[in-house]
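Enquirer: Based on what follows, work out the 3D shape:
(chains A and B)
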Amino acid sequence: AQKVTQAQTEISVVEKEDVTLDCVYETRDTTYYLFWYKQPPSGELVFLIRRNSFDEQNEISGRYSWNFQKSTSSFNFTITASQVVDSAVYFCALSARGGSNYKLTFGKGTLLTVNP
Amino acid sequence: GAVVSQHPSWVICKSGTSVKIECRSLDFQATTMFWYRQFPKQSLMLMATSNEGSKATYEQGVEKDKFLINHASLTLSTLTVTSAHPEDSSFYICSASGGRGHYGYTFGSGTRLTVV
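Expert: You can find the predicted model right below:
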């Protein structure tokens, strides 16, 4: 069975602060994919990143960066110099084989509020 | 990029009636469709997985007679909430995967269902 844990339910920061959202996952599969999604108040899920289990290279995209560590089964997400527009719920998700289909399992999400 | 169109974006219906939600992949063939349900301030919970031309596989606890899923073509899947009740009010999101399995999941924009 797959499981994703986002221990931080809510985080509140002031604009320009850096913030890290934690994600810990569990799976018995050796091949799996990890994702981060952003969900603004409109509800639509915005894809941020996908990382496969064989690629532990960290990635940076503008103000966003991701740290993938298989040794600790973590896939943390850092926003540098946060902005008000970053306020949203962020979901970490794991895709691993569940039966005959690859299922996407979501964490409970972290509500990030960036205050001006 | 891959686009999934979900309609309607919101619907209000009377208790006891049925509501159909459509999910269309516009520029790729969706071999697998996933349907999620999200209650306010909660995570996305997978309801069912459907492969084109096959019966849907429902997650434990999801009533298959209440949530009818049809995936008759590679570009269209529908979720029908039958005999809706107020407790069915929720945000429903579809996700399509096109042949590449877990490599990519494209999400619809969601449907907010309110049963009065």
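
Enquirer: Quickly note the distance from B:I21 to chain A.
Expert: 14 Å (Cβ to the nearest Cβ, to the nearest Å). C-betas here are computed from N, CA, C, even on glycine.

Enquirer: whoops, B:N51 was the one
Expert: B:N51 is 7 Å from chain A, by Cβ to the nearest Cβ.

Enquirer: ok, that residue touching B:H71?
Expert: Yes - at 6.7 Å, B:N51 and B:H71 qualify as touching, with contact defined as Cβ atoms under 8 Å.

Enquirer: Those two: who's more crowded?
Expert: Neighbour tally, B:N51 and B:H71, criterion other Cβ atoms under 10 Å in any protein chain shown: the higher count belongs to B:H71, 26 against 16.

Enquirer: Next up, identify which helix or strand the more buried one is on.
Expert: B:H71 belongs to strand B:67-73 when assigned by DSSP states H and E.

Enquirer: near chain A, which residues of chain B?
Expert: With Cβ under 8 Å from any Cβ of the partner chain as the criterion, chain B meets chain A at residues B:32, B:34, B:38, B:41-44, B:46, B:49, B:51, B:57, B:91, B:93, B:95, B:97, B:101-105, B:107, B:109-110, B:112.

Enquirer: redo that, cut-off 10 Å
Expert: Contact residues, chain B versus chain A (Cβ under 10 Å from any Cβ of the partner chain): B:1, B:6, B:9-10, B:31-32, B:34, B:36, B:38, B:41-46, B:49-51, B:54, B:57, B:59, B:91, B:93, B:95, B:97, B:100-112.

Enquirer: hang on, the earlier thing: name the residues contacting each of B:N51 and B:H71.
Expert: Between them, B:N51 and B:H71 share these contacting residues under Cβ atoms under 10 Å, 6 or more residues apart in numbering or on different chains: B:30-33.

Enquirer: Of the residues you listed, which is the nearest to chain A?
Expert: Using Cβ to the nearest Cβ, B:T32 comes nearest to chain A of the shared contacts of B:N51 and B:H71, at 5.9 Å.

Enquirer: Look up which residues are beta-bridged to that closest one.
Expert: B:N51, B:S97 (DSSP bridges).

Enquirer: That one and B:H85, how far apart?
Expert: 29 Å (Cβ to Cβ, to the nearest Å).

Enquirer: Compare neighbour counts for these two and give me the winner.
Expert: Between B:T32 and B:H85, counted using other Cβ under 10 Å, B:T32 has the larger neighbour count: 24 against 11.

Enquirer: The more buried one and B:L46 touch, don't they?
Expert: No - with contact defined as Cβ atoms under 10 Å, B:T32 does not count as touching B:L46 (12.0 Å).

Enquirer: quick revisit: give me the buried subset of the shared contacts of B:N51 and B:H71.
Expert: When these are checked for burial by 16 or more other Cβ atoms under 10 Å in any protein chain shown, the buried set is B:30-33.

Enquirer: which stretch of helix or strand covers the residue nearest to B:N70 when sequence neighbours are not counted?
Expert: Nearest residue to B:N70, sequence neighbours excluded (Cβ to Cβ, 6 or more residues apart in numbering or on different chains): B:T78, at 4.8 Å. B:T78 belongs to strand B:76-81 when assigned by DSSP H and E.

Enquirer: Strand partners (parallel or antiparallel) of that strand?
Expert: Strand B:76-81 sits in its sheet next to strand B:19-25 (antiparallel), strand B:67-73 (antiparallel), going by DSSP bridges.
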